[in-house]
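Q: structure of the sequence below:
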Amino acid sequence: MGCEGYSAIARVYDRLGAEIDYEGWASFAEACFDRFLPARPKLVLDLACGTGRMTRALAARGYDMIGVDGSAEMLSEACALPHDGILYLMQDLRSFELYGTVGAVTCCLDSINYLLTEQDLHACFSLVHNYLDPGGLFFFDVNTPFKFATVYGQNAYILEDELTDGDGTRSVYCGWQNDYSPETGICDFELSLFEQLPSGDYRRSDEHQQERCYSLDILQRTLCSAGLEPLGVFSDFQFSAPTETSERWYLCAKAVKAPAANCAVLP
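A: Purely as a prediction, here's the structure:
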């Protein structure tokens with residue numbers, strides 16, 4: 001996998017990502033359920049659920065939720081908040097196990113890009129197929145080649161926010177340097193977190209992460225080989241068609257009986 005457990009940034013992840021519109025994500029997931037399923041699912045698996053914000057957003061809409069993530073630190077943050085009815089499991093995207101099937105699987109915020117090889121990608125998609133009800137929906141997103149080349153590239157970024165707890169309000173800074181290789185399709189992220197302590201000093205934590213850039217052709221052909229039929233590829237929450245400058249692709253696929261030799265790859 002392309003991350004080391006989010007051990008350094010788990011405790012401030014939600015603060016640094018406070019602008020992420022999880023309600024918008026949940027509404028779009030529901031719109032995909034309505035568009036591609038005969039009825040909304042009852043049980044939903046949220047893969048790479050992290051701190052559980054998407055999981056909780058869907059649970060609040062009445063879905064029975066399972067959240068799977070490989071990071072103990074991120075799941076610890078999820079479990080620290082009210083999560084009645086949500087089952088959290090610490091498992092790898094390439095080898096997770098459930099007790100039965102689900103009506104839909106979501107995997108949001110480019111978590112699929114953390115699968116660094118096509119073998120990893122196929123392993124994950126095959127398990128999604130295995131645990132989906134027949135005709136069940138797989139909804140996920142990835143960062144596009146355009147984003148890897150232009151937004152990531154060799155660029156550096158700084159995020160800053162404030163963290164409030166029992167010790168008061170303190171500053172938090174996160175800086176990261178990107179190193180994207182078009183030859184390998186791998187982008188390395190070197191993250192440094194500076195968290196102000198009650199004493200006024202700063203604690204530094206470093207973390208290395210990686211993402212893999214996948215073409216739309218590879219994604220769809222891997223879906224097909226895993227028994228998942230592509231249904232649509234979109235660039236935003238309004239079901240717009242992708243363009244050359246789209247930074248994110250949202251994909252929907254349904255579980256079919258077995259990998260089909262004539263599985264349709266969308267243009």
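Q: mind giving me the packing neighbours of whichever strand in the chain runs longest?
A: Secondary structure of the chain read by DSSP state E shows that its longest strand is strand 168-181. Using 3 or more C-beta pairs under 8 Å, 6 or more residues apart in numbering; DSSP states H and E as the contact criterion, the neighbours of strand 168-181 among helices and strands are helix 13-16, strand 156-165, strand 186-196. In short, each C-beta sits where N, CA and C put it, glycine included.
Q: quick one: secondary structure of residue 7?
A: Using DSSP: H, G, I helix; E, B strand; the rest coil, the three-state assignment for residue 7 comes out as coil.
Q: what's the neighbour count on it?
A: By the other C-beta atoms under 10 Å criterion, the neighbourhood of residue 7 contains 14 residues.
Q: okay, now the domains of this structure?
A: Following the assignment in automatic domain parsing, the chain carries domains at 10-143+213-255, 147-211.
Q: looking at the ones you listed, which is buried most?
A: domain 10-143+213-255 (a mean of 19; mean count of other C-beta atoms under 10 Å).
Q: which residues touch the residue lying closest to residue 241 once chain neighbours are set aside?
A: Sequence neighbours aside, residue 235 is the residue nearest to residue 241 in space, at 6.7 Å (criterion: C-beta to C-beta, 6 or more residues apart in numbering). Residue 235 makes contact with 241-243, 246, 248-250 under the criterion C-beta atoms under 8 Å, 6 or more residues apart in numbering.
Q: out of the residues you listed, which is nearest to residue 136?
A: Proximity of those to residue 136 (C-beta to C-beta) peaks at residue 250, which lies at 17.2 Å.
Q: shouldn't residue 231 be in contact with residue 250?
A: No - checked against C-beta atoms under 8 Å, the pair residue 231 and residue 250 is beyond contact range at 11.1 Å.
Q: related to what we said a few turns ago, so of the contacts of residue 235, which ones are in helices?
A: Applying DSSP state H to these, no entry is found in helices.
Q: kind regards, and thank you for your time.
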